[in-house]
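Q: can't give you the sequence, but here's the structure:
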């Protein structure tokens, strides 16, 4: 575990990881809870890339394309309070983010992505703005339609997924080598799934993984490697878990993506940052998954889908591996002997497929209760002791001697 007193020193570490002359990596995956400072970290990384440096960056040219909360804030609703009919999403034309929108011809690419996640359509309206050599066309606003309905107001989740599709389309053009993005060396993506349900979160994660594979293995027109290094951060444990799975597996015919996984934490709230590698130590993000599963299993506030069995099975597999065992049988044997066969059958049948979430289905009441029983016993029997991170469970039973606290 490494400690950093400020964001600037932490950013220096991340850039060193990506540019290490002896063992560079192409991708950094960072898990951190909300209020840790992920957005500020992404902005400091971006700012570091445009500071003038005698040898590294004498002109102060920005080297990072980024997505974070600031990107989402470039889109603001105009709700037509007077007429209550012409609703549109206004774009901040002062931002350089939209500078090349006209020549990029993004509409078709945006629509291809949006079709995967939503059932509404969009239309950009452009305007001419003064520039050094005359005028430049930039998008003014975007309106939405569905069927015969026009100027519709989409939900916050739909709005965010549309903005994300715009960003993905821009990334496509950057990887194509468009002149507007010459000099960009890094892609920094922070929490792209705010307000999205789990189904869209998984779909976005799978599409993003494909895009990042392309970025990290990119070649120029002459076939010379010209990779874009990537930093991805999230507080969403399920999303993060999918990303780790995607880059942890080898795809036939494609090079292995060199990457590191980190848990970013601020033990004192406002104090120093700690960066914990999760490759060869306990998987902090899987402990975070347990906290999320507890929330989903809450009868009053949560909602359980069949793919949550997959997430629980994944945590149990990692726990068994941590204790030196090859299968979840090790974990199951520590649970209720009377229900061992039932628990084993449920985890095998209800967690099939790659993620079991491509067509998410809410659990039936019997399966919900069964899931809660397995989860409750698992957390009770194995003490996942991370003070200040995972809330303690009420009245935990002592862990078995063979399974000391993680």
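A: Here it is on my side, so go on. Every value quoted in this text rests on a predicted model; they were computed, and no experiment measured them.
Q: residues in contact with residue 89?
A: By CB atoms under 8 Å, 6 or more residues apart in numbering, residue 89 lies in contact with 75, 76, 77, 78, 141, 142, 143, 144, 159, 162. (Each C-beta comes from the backbone N, C-alpha and C, glycine too.)
Q: same question, residue 32
A: So, once contact is read as CB under 8 Å, 6+ apart, residue 32 ends up touching 38, 233, 234, 235, 263, 264, 265.
Q: Quick check: phi and psi at the first one.
A: Spelled out, it's residue 38. phi -60, psi -40 (degrees, to the nearest 10).
Q: My read is that residue 343 contacts residue 332, right?
A: Yes. Taking CB atoms under 8 Å as the definition, residue 343 is a contact partner of residue 332 at 5.8 Å.
Q: Which ones among the contacts of residue 32 lie within helices?
A: Counting by DSSP state H, the contacts of residue 32 place residue 38 in helices.
Q: Now intersect the contacts of residue 32 with the strands, please.
A: 233, 234, 263, 264, 265 (DSSP state E).
Q: ranking the residues you listed by neighbours, who comes first?
A: residue 263 (26 neighbours; other CB atoms under 10 Å).
Q: Quick check: that residue touching residue 240?
A: No. Using CB under 8 Å, residue 263 makes no contact with residue 240, being 9.9 Å away.
Q: Please, where are all the strands along the stretch 251-400 of the chain?
A: With DSSP state E, counting those that start in this stretch as the criterion, the stretch 251-400 of the chain has strands at 259-265, 273-277.
Q: relative to strand 273-277, how tilted is the first one?
A: Right, the one you point to is strand 259-265. 140 degrees (axes from the mean of the first three to the mean of the last three CA atoms, to 10 degrees).
Q: what distance separates strand 259-265 from the middle of the whole chain?
A: Its chain's C-alpha centre and that of strand 259-265 lie 13 Å apart, by CA atoms, centre = their mean, to the nearest Å.
Q: start at 5 instead
A: Let's use 5 as the start, then, which means that last one is strand 263-269.
Q: Contacts for stretch 114-134 next, please.
A: Residues contacting stretch 114-134 (CB under 8 Å, 6+ apart): 92, 97, 105-106, 111, 139-150, 156, 158, 162, 165-166, 168-170, 172-173, 204, 207-208, 211.
Q: Any of those residues buried? List them.
A: 92, 97, 105, 140, 142-148, 158, 162, 165-166, 168-170, 172-173, 204, 207-208, 211 (16 or more other CB atoms under 10 Å).
Q: Which strand or helix spans the closest residue to residue 108 other than its chain neighbours?
A: In this structure, residue 108 finds its nearest non-sequential neighbour in residue 177, 5.0 Å apart by CB to CB, 6 or more residues apart in numbering. Assigned by DSSP states H and E, residue 177 falls within helix 160-179.
Q: May I have the strands that pair with the longest strand along the chain, each with its orientation?
A: Taking DSSP E as the criterion, the chain has its longest strand at strand 138-150. Neighbouring strands of strand 138-150 in its sheet, by DSSP bridges, are strand 92-95 (antiparallel), strand 125-135 (antiparallel), strand 153-154 (antiparallel).
Q: what's the angle from it to helix 160-179?
A: Using the same axes, to 10 degrees: strand 138-150 against helix 160-179 is 140 degrees.
Q: Show me the helices in the stretch 255-404 of the chain, by range?
A: Ranges of helices within the stretch 255-404 of the chain are 288-301, 311-326, 333-336, 344-353, 369-385, based on DSSP state H, counting those that start in this stretch.
Q: Quick one: closest of those helices to residue 19.
A: helix 288-301 (22.6 Å; CB to CB).
Q: I'd like the mean pLDDT over the closest one, please.
A: Averaged across helix 288-301, the pLDDT comes to 74.
Q: picking that back up, take the strands of the stretch 255-404 of the chain and lay them out in a markdown table including distance to residue 132.
A: A markdown table is the format used below for the strands of the stretch 255-404 of the chain (distance: least, CB to CB, whole Å):
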| stretch | distance to residue 132 |
| --- | --- |
| strand 263-269 | 44 |
| strand 277-281 | 45 |
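Q: Please tabulate those in a markdown table, including the columns distance to residue 122 and mean pLDDT.
A: Shown next, in a markdown table, are those (distance: least, CB to CB, whole Å; pLDDT from 0 to 100):
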| stretch | distance to residue 122 | mean pLDDT |
| --- | --- | --- |
| strand 263-269 | 30 | 88 |
| strand 277-281 | 36 | 86 |
